[in-house]
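[1] coordinates for the following, if possible.
(one chain, ligands or ions: 1)
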Amino acid sequence: MPNIILITNPKSGNGTSIKAAHIAQQTLASKRINVHIAYTEYEGHATLLAKSFIANFDIIVAIGDDETVNEVAQALVGTDRVLGIIPCGSGNGLAKHLGIPMILKKAIKIIYNKKVKSIDAPKINDQYFFTTAGVGFGTKISHNFRKFNGRDFKNYFKSILMDFQLYSPQQYTIDVNGKKISSKAFVISLAEEAQQKDHTFISPPSKAKKGVLEATILSKSSLFKNGHFGFNFFKRKAQKSPEVIHLQSDDITIDTTKKRQLVFGHKDGETEKWSTPLNFKFSKGDKLNVIVH
Ligand SMILES: Nc1ncnc2c1ncn2[C@@H]1O[C@H](COP(=O)(O)OP(=O)(O)OP(=O)(O)O)[C@@H](O)[C@H]1O
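    Sure, this is the predicted structure:
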């Protein structure tokens, strides 16, 4: 029987994570699984806890929203330990991307069913991400979208409208294998292609290559044209928009005209502040084992 630790962010989902952890513990214990709970106490704590549990636990479950999941996953890349996710909160980007049920009972059930998938883990500077990362207006959308309860197209479109007129695109240099492209980009979004095969929303699945990062660069045009891109993006058909450039490489660096500029970016649905240059890299051995449906 596996040993399972439930790393729980007590603040996620307005505290519903604590109840979720207790229910998960009871359910898993009733299956004769050795299960413990550990609570995070501050930002970044989940990574330290996960690292400390690698030696003694086979499955390390994150109970929380995107940041808690990302923090736990950071510690498990390249190890033979397995990440479990019990979604709690309003985002749950990676869980949704992997098809993990949002209903607590069902999410717990897949933990003991233990179907494991290995996913690729690209990096933005020294931090892994597991769905998408990027800079530009996408960060604003991601930030605005989080404020809504429903994650449907109506709220996605509202997230675009909230800042579209005021947002001015920035000049970036994008370095792909030494070839530099200068672009006044509105949105730059990156994702590892193999992951997109099942849940693509940037490139056509048929063209997905293993172990390659794809950067999608969108320039600003009219609300109608960019809105059309947003619609296609949301419907996972972004390749259909003509004002989009796709670049592929395992190593892509994005820089601003000002050196070491602080920019807002997003990774796995969370807004963060980064200092340029931004290096997006995928190394072949960087894999994460994760329990899926
Ligand atoms: N005990 C704690 N007190 C305050 N913040 C914490 C604690 N433990 C973890 N955190 C931090 O809380 C942040 C948010 O975590 P997470 O994304 O999982 O949930 P959330 O955004 O609060 O969820 P939601 O808002 O969707 O309910 C992360 O940066 C995490 O490091």
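
[2] the ligand contacts on the stretch 51-200 of the chain?
    Along the stretch 51-200 of the chain, the residues adjacent to the ligand under the rule CB under 6 Å from any ligand atom are 64-68, 71, 89-91. In short, each C-beta sits where N, CA and C put it, glycine included.

[3] so what's Ala121 up against?
    Under the criterion of CB atoms under 8 Å, 6 or more residues apart in numbering, the contact list for Ala121 reads 73, 77, 128-130, 192, 286-288.

[4] three-state assignment of whatever residue of the chain ends up closest to the ligand?
    Nearest to the ligand in the chain, going by CB to the nearest ligand atom, is Gly89, at a distance of 2.8 Å. When states are read from DSSP: H, G, I helix; E, B strand; the rest coil, the local structure at Gly89 comes out as coil.

[5] number of nearby residues for it?
    Around Gly89 there are 21 other residues, counting by other CB atoms under 10 Å.

[6] distance of it from Lys259?
    In this structure, Gly89 and Lys259 are separated by 36 Å, where distance is defined by CB to CB, to the nearest Å.

[7] all strands for the stretch 51-200 of the chain, in order.
    Per DSSP state E, counting those that start in this stretch, the stretch 51-200 of the chain has strands spanning 59-64, 82-87, 115-120, 123-124, 127-128, 132-136, 170-176, 179-192. These are given in chain order.

[8] got those as JSON lines, with distance to His143, mean pLDDT and mean neighbour count columns?
    Written out in JSON lines, the entries for the strands of the stretch 51-200 of the chain read as follows (distance: least, CB to CB, whole Å; pLDDT from 0 to 100; neighbours: other CB atoms under 10 Å):
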{"stretch": "strand 59-64", "distance to His143": "19", "mean pLDDT": "98", "mean neighbour count": "28"}
{"stretch": "strand 82-87", "distance to His143": "20", "mean pLDDT": "97", "mean neighbour count": "26"}
{"stretch": "strand 115-120", "distance to His143": "25", "mean pLDDT": "92", "mean neighbour count": "15"}
{"stretch": "strand 123-124", "distance to His143": "17", "mean pLDDT": "96", "mean neighbour count": "20"}
{"stretch": "strand 127-128", "distance to His143": "18", "mean pLDDT": "96", "mean neighbour count": "18"}
{"stretch": "strand 132-136", "distance to His143": "12", "mean pLDDT": "90", "mean neighbour count": "25"}
{"stretch": "strand 170-176", "distance to His143": "16", "mean pLDDT": "94", "mean neighbour count": "18"}
{"stretch": "strand 179-192", "distance to His143": "13", "mean pLDDT": "88", "mean neighbour count": "20"}
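
[9] turn the ones you listed into a markdown table, including distance to Ala46.
    Supplementary listing: the strands of the stretch 51-200 of the chain in a markdown table, determined by distance: least, CB to CB, whole Å:
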| stretch | distance to Ala46 |
| --- | --- |
| strand 59-64 | 7 |
| strand 82-87 | 11 |
| strand 115-120 | 18 |
| strand 123-124 | 18 |
| strand 127-128 | 13 |
| strand 132-136 | 19 |
| strand 170-176 | 32 |
| strand 179-192 | 22 |
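
[10] who wins for proximity to His36 among those?
    Of all those, the one in closest proximity to His36, counting by CB to CB, is strand 59-64 (10.3 Å).

[11] okay, now the sheet partners of that closest one, with direction.
    For strand 59-64, the pairing partners within the sheet under DSSP bridges are strand 3-8 (parallel), strand 82-87 (parallel).
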